[in-house]
Structure formats: structure tokens, C-alpha cells
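Engineer: Take a look and give me a structure for this.
(2 chains)
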Amino acid sequence: MRRLIVIAHLTLHEALRRRVLLAALIGGAAFLALYAIGFHFIVRDLAHQTRITLLERRVALNGITLAGLFAVNLLTVMSAVLLPLDTLSGEIASGSIQTLAAKPMRRAEIVLGKWLAHVAVVLGYLAVMAGGVLLVARFTADFVPPAIADGLPLMAIEAVLLVSISIAGGTRLSTVTNGMAAFGLYGIAFVGNWVEQIGTFVNNAAARNVGTVASLIMPAEALWQRAAWFMQPAIMRDLHATPFSPVSVASPAMVWWAAGYAIVAVLLAVRGFQRRQL
Amino acid sequence: MNGLAVETHGLRKRFGATLAVADLSLSVRRGEVFGFLGPNGAGKTTSLKMLLGLVSPSAGRVSVLGARLGDREARARVGFLPEHFRFQDWLTGRELLRFHGRLFGIPAAELERRADRLLTRVDLADAAHRKLREYSKGMVQRIGLAQALINDPDLVFLDEPTSGLDPLGRRLVRDVIKELKARGTAVFLNSHLLGEVEATCDRVVFIQRGRTIREMALGTDAAVIEVELRLGPHDGATLAALARIAVAAPAPAADGRTVRLTVAGEDALSAIAPLLVERGVTLYEMRAGRPSLEALFLEIMGEGQRPG
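Structural biologist: Numbers count the residues shown, from 1 in each chain, chains lettered A, B, ... in the order given. This is a model prediction of the structure:
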């Protein structure tokens, strides 16, 4: 366990030293600044409109907040895949893993140490970015979307799932192949989810099933849809008022499926690395 | 606990259709400096990786420091400097040693003491705070050597430790190996630089196509001696008598006077002159010398060997 912490510490240290975190934070800060400016002008505009009802104002603000969280979700998905992408495959390719693996520790400790560090970084990033969006809404328009305590954890599970897949792929695949595979999976989820939404909307059972299967193959996007579904009032859901008001929302079983998926990915990562010839 | 640092029997590794190591049997005694020789592609690095648990053997038995392969207590007493040495190049030299020391569970104060000592030993004390990416190839190799010694190991694997070094760096490595030997640390040296091996190793094993083909001790007692004789008129019976002393049959040169032969040691060498006197053959000149390891290497591997 102590060695697992040493590996996690080194991995965090690496993210700092290689200015990966700095780049992510600068990019994130730029996004939040733009978002805050946009939000400010929209709120000012809403204030000038006399004929708008309180409900309409609320729906508009909720929609803009969800748009911000949607962007945060995409940025987090990319970070979750890209940050750990070469943490194992890169070290295997360069051979620097050899001196680590020859140390008196289990290979599982190397994998879990790296996993832990990347989960911490990506969740930290999600917290800062989602927190930033929510603070902008709170201080610009005095608006807080509903049920964020239900929605944000789902985004966190999505991030952990993608980190786990990226690390598991890195035990077997080269960095580029792993990236293609991970984003390919996410692409299936993304497109599959929209097929499901449209299929539900036009009442096409086949299209809906395609979407469900896609979500089973990769539940990431279904988690975001469920998170968005939580973080808006019932009226928005019923009216499908924004693109973030899903017609078909993933069931709680899909959340369990995603959590199990992440655990299996971590176990496969450990097993893959244990069997890997270095 | 037996007296062997490394012992293998019939070690084999197959990668798909390729047989990287066919049948490796060797033993390294505790405290000795052991040279592992063979042409490129002979399976040296794969063998070494099997001994370190980086690659799993397809067959055969291995013990390292008396323990089975992968035993973590044994690995805590092993040091390793890989070939093509790469490290987290965003660390400083001192941070690298700290990091590797922590993985051995060395307490912080002790770790700092060892890091100081090793940084001085490999002549990097003044570069300890610089990042590895600013190091020259030779400096990286030397910090790698320090890394391999941070746990005060009983057994060190050095894979081509001098490949990136200038003559001064090579001498430093040679001196470190001698100090290790004096301390009782076994050194498993994989090197192409046969001069280095000759200067440092107690014993060597030659491998070819993943098989152990010859194991021999270096040093004064056991090494073979090459002899060149210039003789007066002599007959076939004299050559036959010389052949009985020699390990390699005498080769008469075209001039009919010069005979070259190889004998197993100084005892055999001292028997040559009396044998000739007894047979009434005049001995004009006798020159004896130890063959270089390079000559031995070429002889053992076969002259027809193509560069790997």
C-alpha cells in the first residue's frame, strides 16, 4: 500500500512537472471566463425583457447552466481519456517501467497507484470546472439548478469510468491505438445516445434499442444524460425544452452497470499489466 | 540459503514463433562478478529480464538469492540498471534516487544519506538538482548506476552499463564494480565491451542462440595460455606428444619450424620444454601469452558468426 502511494505521488508530481495540470487549468479558466461573460450578457438581456415570465426566465437560466455543464462534461471526458493515456503504454515503450517493475512491489500497486492519481486529477478538474459553472450561475443570476447533488456524482462516475478504460487499454495497446479505441468507444456512446433520443421521439423501437445497446457497450453518455435530467425541473424535462432535456433517460440500472464496468476495467488493467512481458 | 546468487536450469523463453532463449543454465556465486557474453540477439537481455521477473519464462527453473522468481523479499536485495536506460526525465537526479529509494521502503533520513553518498560516488553531486532531461547520456547512465545501488543490494544486474560512457566514465564503473565485489555484492554484468569484462569479471558464460555454450573462470589460474614455439627439426611423434599436453591440437606453420598450441594452464606450460629436451628437439624460441577475451569470444562463437 505504501508503494502504491509512492507511485500515485510520482504520477501527480509528473502531471505537475510536465505542466499538464497547468495547461488544463489555463484552458479551463479561459472557458469559465468566456462562459461568465456570456452568462452576464444573457442575464442582462433577460432583465430587460418585460414580458418574460418567471418560469421562462428560470428555464432559460437552467438551459444555459446545463450548456455550461455539457461543455464541462466534454472537457472532462477528454481529460479522463487523454491524461492517463500513455501512463503505462508510454513507460512500457520507453522502458522506464522496467526499473519500477523490478522493485519489490506488486504490479497491481503500479497500476492502482497510477489509477488513483489520475482519478484524483480528473475528479479535481471536474470539481473545479463544474463548480466554476455553478458559481457563475449563482453569482450572475442568483440561480442554482436543482438536484446537483444527484447529477454531479454521475458525471464523476463517468470520469472514473473513462480513466479506468484508458488505463486498462494502456496495458495492452500502444498510446495511439489506445486513444483511438477509447475515443471510438465514447463515439459509440455519443452517437448511440442521440439515436436513442431520436428513436424515442419518433417512437421507433429499433432506433431506441440501438441506443440502449450502445449505452451498454459504453455507458458514459447515458450517465451525462441522466445527470442532466436530474439537474433541471420537471417542466423542462416534460417539454424537452433544451437539447439537454432527454426524451429517454437512462435507468438507475445503467448507473450500476457503469460502476461495474469501471471496476471490471480496473481489474482488467491489473491483470493485463501482470501478464505483460516488459 | 545456498551460496548462489543466481541459479537457472533449462531456462527457456518463447515469444510466439521466436525462441528467444532456448536452454539457459548457469550459476552465479554470491559476491562474484559474473560476465554474461554473447553476440547481439543471443538472448542476453531476455535472460536478464527473466531473472528480474519482467518477462515470465516459458520453461525452466530459476532462483535469485535463494528465492523463487518474483519473491519480493529477494527483489528488495536486487539492483538493476537496464540497457537503453530511460527515466522519468522531469525528475532531478536527487529526486530520482529518492523515488526509487522510497519504493524500497528506505526510511527518509537513511535515504538522504545514501543519495548523498551515491551522488558523490558517481560524480554527480553538483548536478543533483538538475533535471534528468538536461543530463548528458553518460550522466544518465551514471545516475542509473546510482539508482541500481540505492538499496545496498546483494546482487546487481548491469545491462551494458558502460555503453554511453567515455573512458573516464568507464573507469568509474569499473571501480564501482570492484568496490561492490569487495563488499560481497554479486554483480551480473551484461556487456559487449570485452575489455571491461576482462578487467572486472571473475567468471564468464558465453551464450549463443539462447543456449549456454561455455562457462569459464577468468584470472591467472584457470585461463588458457597460447604458446608459440620455434623448433629445430622435429617429427610427427613430437607433435603428437605436444598434442597430449595441449587443449587445442598443435598447428605447425608453413615454415616447418613454428608450432602454435594452446595449453590449459601454467603446469602444462612448464611441461613443454622438458618434453622437447627429452626428444632431442632444439627449442629456439618459446613465447606464451594469454589470449584476449575477444580472441576467445571469436573462437567460441565461431569465426563464421555474422555480426548481430
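Engineer: what does chain B have sitting close to chain A?
Structural biologist: By Cβ under 8 Å from any Cβ of the partner chain, the residues of chain B that approach chain A are B:15, B:49, B:52-56, B:72-73, B:75-76, B:78, B:80, B:82, B:84-88, B:90-91, B:99-100, B:102-105, B:147. To be clear about C-beta, it is placed using only N, CA and C from the backbone, and glycine gets the same treatment.
Engineer: near chain B, which residues of the stretch 51-200 of chain A show up?
Structural biologist: Contacts of the stretch 51-200 of chain A with chain B, taken as Cβ under 8 Å from any Cβ, map to A:94-96, A:98-106.
Engineer: Buried ones from the residues of chain B next to chain A, can you make that a PyMOL selection?
Structural biologist: Under the burial definition 16 or more other Cβ atoms under 10 Å in any protein chain shown, those of those that qualify are selected in PyMOL by:
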select buried, chain B and resi 49+52+53+54+55+75+76+78+80+82+85+86+87+88+91+99+100+102+103+104+147
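Engineer: where along chain A do the strands fall?
Structural biologist: Counting by DSSP state E, chain A has no strands to list.
Engineer: For chain B, just list every one of the helices.
Structural biologist: B:44-51, B:72-75, B:93-103, B:108-121, B:137-148, B:167-183, B:194-200, B:236-245, B:266-278, B:293-301 (DSSP state H).
Engineer: quick revisit: quick check on the residues of the stretch 51-200 of chain A next to chain B: which are buried?
Structural biologist: Looks like those have A:95-96, A:98-106 buried, using 16+ other Cβ under 10 Å.
Engineer: Mind giving me the packing neighbours of the top helix by length along chain A?
Structural biologist: Longest helix in chain A by number of residues (criterion: DSSP H): helix A:107-141. On a contact count with 3 or more Cβ pairs under 8 Å, 6 or more residues apart in numbering or on different chains; DSSP states H and E, helix A:107-141 meets helix A:2-17, helix A:20-48, helix A:54-82, helix A:97-101, helix A:148-170, helix A:252-275.
Engineer: so which of those helices gets nearest residue B:261?
Structural biologist: helix A:97-101 (46.0 Å; Cβ to Cβ).
Engineer: The closest residue to residue A:247 other than its chain neighbours: how many residues sit nearby?
Structural biologist: Closest residue to residue A:247 in three dimensions, ignoring its sequence neighbours and counting by Cβ to Cβ, 6 or more residues apart in numbering or on different chains: residue A:200, at 4.4 Å. Taking other Cβ atoms under 10 Å in any protein chain shown as the criterion, the count of residues near residue A:200 is 17.
Engineer: who's in contact with residue A:200?
Structural biologist: By Cβ atoms under 8 Å, 6 or more residues apart in numbering or on different chains, residue A:200 lies in contact with A:207-208, A:211, A:247-248.
Engineer: now residue B:285
Structural biologist: Neighbours of residue B:285 in contact, by Cβ under 8 Å, 6+ apart: B:228-230.
Engineer: Those into a markdown table, with extra columns for distance to residue A:36 and pLDDT?
Structural biologist: Output for the contacts of residue B:285, formatted as a markdown table (distance: Cβ to Cβ, whole Å; pLDDT from 0 to 100):
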| residue | distance to residue A:36 | pLDDT |
| --- | --- | --- |
| B:228 | 91 | 87 |
| B:229 | 96 | 90 |
| B:230 | 98 | 91 |
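Engineer: Narrow these to those in strands?
Structural biologist: The strands, defined by DSSP E, take in B:228-230 from the contacts of residue B:285.
Engineer: Residue B:87 is in contact with residue A:14, correct?
Structural biologist: No - the pair residue A:14 / residue B:87 is not scored as a contact, 11.6 Å apart, by Cβ atoms under 8 Å.
Engineer: Any idea which residue is closest to the centre of chain B?
Structural biologist: Of all residues in chain B, the one closest to the mean position by Cα atoms, centre = their mean is residue B:35, 1.4 Å from it.
Engineer: what residues are up against it?
Structural biologist: Contacts for residue B:35 (Cβ under 8 Å, 6+ apart) come out as B:189, B:191, B:197, B:200-201, B:203-205, B:218.
Engineer: What's the per-residue pLDDT of residue 223 here?
Structural biologist: Picking chain A for this. Residue A:223 is assigned 93 on the pLDDT scale.
Engineer: if you could check chain B rather than the one you did, that'd help
Structural biologist: 64.
Engineer: same deal with residue B:94?
Structural biologist: Residue B:94 is assigned a predicted lDDT (pLDDT) of 95.
Engineer: Find the residue closest to it in space, skipping its chain neighbours.
Structural biologist: Nearest non-adjacent residue to residue B:94 (Cβ to Cβ, 6+ apart): residue B:128, at 4.3 Å.
Engineer: Please name the nearest non-neighbouring residue to residue 224.
Structural biologist: Going with chain A. residue A:73 (5.0 Å).
Engineer: sorry, should have said chain B
Structural biologist: What sits nearest to residue B:224 in space, not counting adjacent residues and going by Cβ to Cβ, 6+ apart, is residue B:262, at 5.4 Å.
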